[in-house]
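Colleague: Predicted model, plus sequence, below.
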Amino acid sequence: MFRKTLVFILAFLFLFMNLASDAYGFYDDNQKQETVTISVGDFEFKVSLKDLDAELIDAFIDYYATVSTLEELYGLQDFLDILEAVTTTASPNLRLDDYLIGPVQFSGRSWSSQGRYIRYTGQGGAATTMGFLQLTDRSLDGSGSTVHPIIPPASPAPEDNVFITYDIRNALTDNLYSIRLMNGVELTTSDPVQNLESISFYALRGLLRESGEPLDVRNITVAISATGNEGDWVEIASYLIEAPPAAIEVFDPANPVSHDFPFYTFSLTQTQMDNEPASGYYISIDFDGDAFEGSRSRVVIDELRINTTD
């Protein structure tokens, strides 16, 4: 009798936990245990991106040091100025500085993220941009519409999470999560990578928030350095990132879209591999999405892989 009662209780608890999980609704979509496969040498392992937004929040809280919550972060005018330059064609009179945050974890590595501030005034108009790293979450609500906006609000409410957005899905991987670089952003590994062979990922320019948004295709560049110091970087390759087809490039929350992302590989030369220091190489991924001639850009990166000879 005791065993039957115990089995019944365990079965009830299991059912209750599943029901409770499904009941969280809107915000629970951010907590799904979705993963991507990362290759390191001949080994593959699962790495979840679902907590990237929380790491970005912590990184900004550490950066300012005077706040301890997301709501307090939204209360800082400096941070709101950053969001304005991230999400709008902000006033060319806005004055900001580049920022460097980190570490955040993805692709089996710890990274720092530098948001680059650019104020451009010239042919094609004036524009101001600030770089920003975001988590792309393609969760849908019960009606099949996107849960998250494609561009976060520049003046967020306390319940908003400006570190999570929606963008186009890679039809080749069908991943729920990716990372997105808004405007000019440089990612750098916090530590050198030993026995580095190549860096690879899928990438596609993001969707337009509305028809006519001035969004260009821009270059993404991968470089390596033995020291990680400024002036000591050697470019591996630079590629112009393609745009989605015109028929689907405008964001429609009621009509989520997917497309085959191009796959890019940045391979070290044999000489670079032979001359690698014992500690390895630092890696830089730089997206040239800054304001220029009245336009800017953003890129969705899917399944970033650091490949080694181990």
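Modeller: All right, it came through fine.
Colleague: Please identify the buried residues of stretch 118-135?
Modeller: 118-120, 126-135 (16 or more other CB atoms under 10 Å). Just so you know, the C-beta spots here come from the backbone N, C-alpha and C atoms, and that holds for glycine as well.
Colleague: ok, those vs residue 51, which is closest?
Modeller: Top of the list for closeness to residue 51, among the buried residues of stretch 118-135 and by CB to CB, is residue 135 at 8.8 Å.
Colleague: Least confident of the buried residues of stretch 118-135?
Modeller: pLDDT across these is lowest for residue 126, at 79.
Colleague: Just to be sure, that one is in a strand?
Modeller: Yes. Residue 126: assigned to a strand according to DSSP: H, G, I helix; E, B strand; the rest coil.
Colleague: In the sheet, which residues pair with it? Tell me.
Modeller: residue 121 (DSSP bridges).
Colleague: tell me, how many neighbours does residue 70 end up with?
Modeller: 21 (other CB atoms under 10 Å).
Colleague: Okay, it and residue 177: tell me how far apart.
Modeller: 20 Å (CB to CB, to the nearest Å).
Colleague: At the geometric centre of this protein, which residue do we find?
Modeller: residue 179 (2.5 Å; CA atoms, centre = their mean).
Colleague: Let me know how buried the nearest residue to that residue once chain neighbours are set aside is, in neighbour terms.
Modeller: Spatial nearest neighbour of residue 179, excluding adjacent residues (CB to CB, 6 or more residues apart in numbering): residue 301 at 5.1 Å. Residue 301 has 25 neighbouring residues, counting by other CB under 10 Å.
Colleague: what's residue 301 in contact with, if anything?
Modeller: 178-181, 201-203 (CB atoms under 8 Å, 6 or more residues apart in numbering).
Colleague: Repeat that for residue 283.
Modeller: 188-189, 193, 196, 199, 222-224, 306.
Colleague: Is it within a helix or a strand, and which one?
Modeller: strand 282-288 (DSSP states H and E).
Colleague: Counting by contacts, list what the helix or strand hosting residue 221 packs against.
Modeller: Using DSSP H and E, residue 221 sits in strand 219-225. When contacts are defined as 3 or more CB pairs under 8 Å, 6 or more residues apart in numbering; DSSP states H and E, strand 219-225 sits against strand 196-205, strand 234-240, strand 282-288.
Colleague: between those, which one is nearest to residue 269?
Modeller: Going by CB to CB, the one of these nearest residue 269 is strand 234-240, 8.4 Å.
Colleague: Who does the residue nearest to the centre of the chain form a beta bridge with?
Modeller: residue 135, residue 301.
Colleague: ok, and the closest non-adjacent residue to residue 222?
Modeller: In space, residue 222 is closest to residue 266, 4.0 Å off (CB to CB, 6+ apart).
Colleague: Mind pulling up the pLDDT for the residue nearest to residue 179?
Modeller: 97.
Colleague: and what of residue 106?
Modeller: 88.
Colleague: ok, it - how many residues close by?
Modeller: With other CB under 10 Å as criterion, residue 106 counts 23.
Colleague: isn't it right next to residue 53, touching?
Modeller: No. Between residue 106 and residue 53 no contact is recorded; they are 11.4 Å apart, counting by CB atoms under 8 Å.
Colleague: Can you verify my assumption that the residue nearest to residue 222 contacts residue 197?
Modeller: No. Shown here, residue 266 and residue 197 do not form a contact pair, counting by CB under 8 Å, at 10.2 Å.
Colleague: Which one of these two is surrounded by more residues?
Modeller: Shown here are residue 266 and residue 197; by other CB under 10 Å, residue 266 has more neighbours (21 against 17).
Colleague: Please report phi then psi for that one.
Modeller: Backbone torsions for residue 266, taken as degrees, to the nearest 10, come to phi -120, psi 100.
Colleague: any idea how far it is from residue 204?
Modeller: 17 Å.
Colleague: again, but for residue 263
Modeller: In terms of CB to CB, residue 263 sits 10 Å off from residue 204.
Colleague: swap in residue 239?
Modeller: 12 Å.
Colleague: quick one, which of those two is more surrounded?
Modeller: residue 204 (23 against 14).
Colleague: any idea how far residue 268 is from that one?
Modeller: Taking CB to CB, one finds residue 204 at 25 Å from residue 268.
Colleague: swap in residue 278?
Modeller: When residue 278 is compared with residue 268 (using CB to CB), they lie 16 Å apart.
Colleague: Kindly report the same for residue 81.
Modeller: In terms of CB to CB, residue 81 sits 39 Å off from residue 268.
Colleague: neighbour-wise, which of those two wins?
Modeller: Legend: neighbour count by other CB under 10 Å for residue 81 and residue 268, higher for residue 268 (22 against 18).
Colleague: That one and residue 200 touch, don't they?
Modeller: No. Look at residue 268 against residue 200 with CB under 8 Å: they stay out of range, at 11.9 Å.
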